[in-house]
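quick one: sequence plus predicted model below, questions after.
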Amino acid sequence: MLSYALRRLLGAIPTLFILLTLAFVMMRAAPGGPFDADRELPPQVRANLEAKYHLDEPLYQQYGRYIWDIAHFDFGPSFQYRDTSVNDLIASGFPVSLKLGAASLAFALIFGIPLGMLAALRQNRPADYGAMAIAMLGISIPNFVLAPLMILVLAVYNDWLPAGGLGGWQNYVMPVLALGTAMMAYVARLARGSTIEVMRSNYIRTARAKGLSATRVVWVHALPAALTPIVSFLGPAAAGIITGSVVIETIFGIPGLGQFFVQGALNRDYTLVMGVVLFYGILIVAFNLAVDLLYGWLDPRVSY
Amino acid sequence: MMFGRRKKMEQAVRGRSLFSDALRRLRSNKAALASIGVLGFIVVAVVVGPWLSPHNYFAQDYGAIWVAPTSVDAHWFGTDGLGRDLFVRALEGGRISLMIGFVATLVSLIIGVAYGATAGYAGGRVDGVMMRIVDILYAMPFLFFVILLMVFFGRNILLIFVAIGAINWLDMARIVRGQTLALKQQPFIEAARMSGAPAVSIIARHIVPNLLGVVAVYITLTIPQVILFESFLSFLGLGVAEPATSWGALIKDGADEMNRAPWLLIVPAVFLAATLFCFNFIGDGLRDALDPKDR
């Protein structure tokens, strides 16, 4: 177990390295520099600025410095927000995004798993078809369609919920629904498939033959085994939530990391944008590692 | 006498190949059949529709702005703030969305099948290295890099194709490799190898055709993903450039003006959702038909 974790950590290094290199290359390949502002700077000022940000060094040296800084979690200064470092921006935006993402994931699991299991236990009956139709709708309606439609109905036509911004829990209801619905649909479909498979397995037949109650068979014997595919789905799910949050935060005007990313990209704030991408990349790699370890712990058949 | 009876039996058994079996199962799947119908209708509408309207997708008519859906002057789906006809724009946007869906899927298909089949057929160390590369690429937040590409190098439709295709081949490569590993143990592959066929032609002539079933499922599930992704880019203002449009771009415009003109949001949203819905149902139906494990 420990050696597996270590091996996985080592395996993550080339991934992160490629991520960093890609980020660096794109930063340098991007047309226009940070100081190509509205008016031409005097050459002396420009040279001083470039020296300050080490842009006058040879490329390999800049690359080394970049890797070194990132290894120390220093994402550099923001070009757009003067006197603010990218670290500050991430520190202010990430907690908001984390809250939104965690709530969406919780919503997806709490509603998706029972829905999928219900469908599986009533396979090929109306409840199954109903649940799977809901799931299919959830998958087919993109979050950037769902979000404006919800605003239109719940905030504009009826004044039930705030249309955007950040205040009380009411502000989180629509973003969480918009972000979590597709995820919930996927979870329901996975839960249905795995539950159907598990319910056919021998040990469930044994449990039934022992005369256990149906509730006990489902919740105690079948549930843990049925959950394993959902655990392995958590990795892609987290990545999906992160991308989704970019759009959702923009629509609802939530000052999270996703909105910084979009604003930064549109304003060509290269350091901010790269910082956010790297941060997300590291996050996804770490999360996938955690999920794989959890998976091995849940399913004893998986050996390292 | 004996001979004749045997022939008869053979005839009775014929006609139940894997493919015809799958087709029969697909035919009995009403949801998938209805989806094929609706999707066919959308495709025809998108191709033919714009010619049925007297308007075009870019002409601005300041005498008819914010017109709600009406039969007057053939503004069946209304107009936007520049007086452009939404009926034509929605269908024109559909052309772009669907085209991106098909072309980018094709790109990812070609890369994925070639890569996966090669890795699976070669096996051993080559396979290990090739799949390790896929694993590494898998962990990249490519979406963000695509967004950056769009910002840095401009909104270029060719770039969208390449970028989306280049991301989506990873899944395909994995699936195809797995299938190839199983296939290459089959006697007919061994026979081909023994008769001296080179590896390339074994892959192209014997392996790839046998992957078609899996590939068909994958295609129907990838196209909606790609359409969704393009819409996502367009929604962020990074997809196709004005005056050309796509469903995602229309949804963005509609979302900005939904207080004043909700039809601008609802029409493209319905088109997009219906298309994704149909593709997903067809993909599900195909998968069940080809691999009826859960039935």
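Sure, I can see it.

neighbours around residue B:180, how many?
Using other CB atoms under 10 Å in any protein chain shown, residue B:180 has 25 other residues around it. To be clear about C-beta, it is placed using only N, CA and C from the backbone, and glycine gets the same treatment.

what's the helix or strand for it?
Assigned by DSSP states H and E, residue B:180 belongs to helix B:157-183.

settle this for me: residue B:215 is touching residue B:113, isn't it.
Yes: between residue B:215 and residue B:113 there is a contact under CB atoms under 8 Å: 6.7 Å.

mind checking which of those two has more residues around it?
residue B:113 (25 against 21).

before we move on, which element is the more buried one in?
helix B:86-122.

what's the following helix or strand after that helix?
Downstream of helix B:86-122, the first helix or strand assigned by DSSP H and E is helix B:124-138.

for that next one, buried residues please.
Across helix B:124-138, burial judged by 16 or more other CB atoms under 10 Å in any protein chain shown covers B:127, B:130-131, B:133-134, B:136-138.

again with stretch A:69-86
A:70, A:75-81, A:85-86.

likewise for stretch A:195-212?
A:195-199, A:204, A:207.

of the residues you listed, list those near chain B.
A:196-197 (CB under 8 Å from any CB of the partner chain).

of the buried residues of stretch A:195-212, closest to residue A:263?
Of all the buried residues of stretch A:195-212, residue A:263 sits closest to residue A:195, with 43.1 Å by CB to CB.

could you check how far the closest one is from chain B?
Taking CB to the nearest CB, to the nearest Å as the measure, residue A:195 falls 11 Å from chain B.

after the helix or strand harbouring that residue, next one along is what?
Using DSSP H and E, residue A:195 sits in helix A:170-199. Proceeding C-terminally, helix A:170-199 gives way to helix A:202-209 as the next helix or strand, assigned by DSSP H and E.

where do the helices of the stretch 1-150 of chain A begin and end?
In the stretch 1-150 of chain A, the segments counted as helices under DSSP state H, counting those that start in this stretch are A:2-29, A:43-52, A:59-71, A:86-121, A:126-140, A:143-150.

out of the ones you listed, the one nearest residue A:296 is which?
Counting by CB to CB, residue A:296 lies closest to helix A:2-29 out of the helices of the stretch 1-150 of chain A; the figure is 7.2 Å.

on that earlier part again, just the buried residues of stretch A:69-86 that are near chain B?
The subset of those within reach of chain B, by CB under 8 Å from any CB, is empty.

and which of those is nearest residue B:269?
Nearest to residue B:269 among the buried residues of stretch A:69-86: residue A:80, at 32.6 Å, using CB to CB.

ok, now which ones touch that closest one?
Contacts for residue A:80 were tallied using CB atoms under 8 Å, 6 or more residues apart in numbering or on different chains; they are A:263-264, A:267, A:269, A:272.

adding neighbour count, distance to chain B and pLDDT, write these out as CSV.
Output for the contacts of residue A:80, formatted as CSV (neighbours: other CB atoms under 10 Å in any protein chain shown; distance: CB to the nearest CB, whole Å; pLDDT from 0 to 100):
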residue, neighbour count, distance to chain B, pLDDT
A:263, 16, 11, 80
A:264, 26, 9, 79
A:267, 15, 10, 74
A:269, 22, 10, 75
A:272, 27, 12, 81
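
before I go, just wanted to say thanks for your time.
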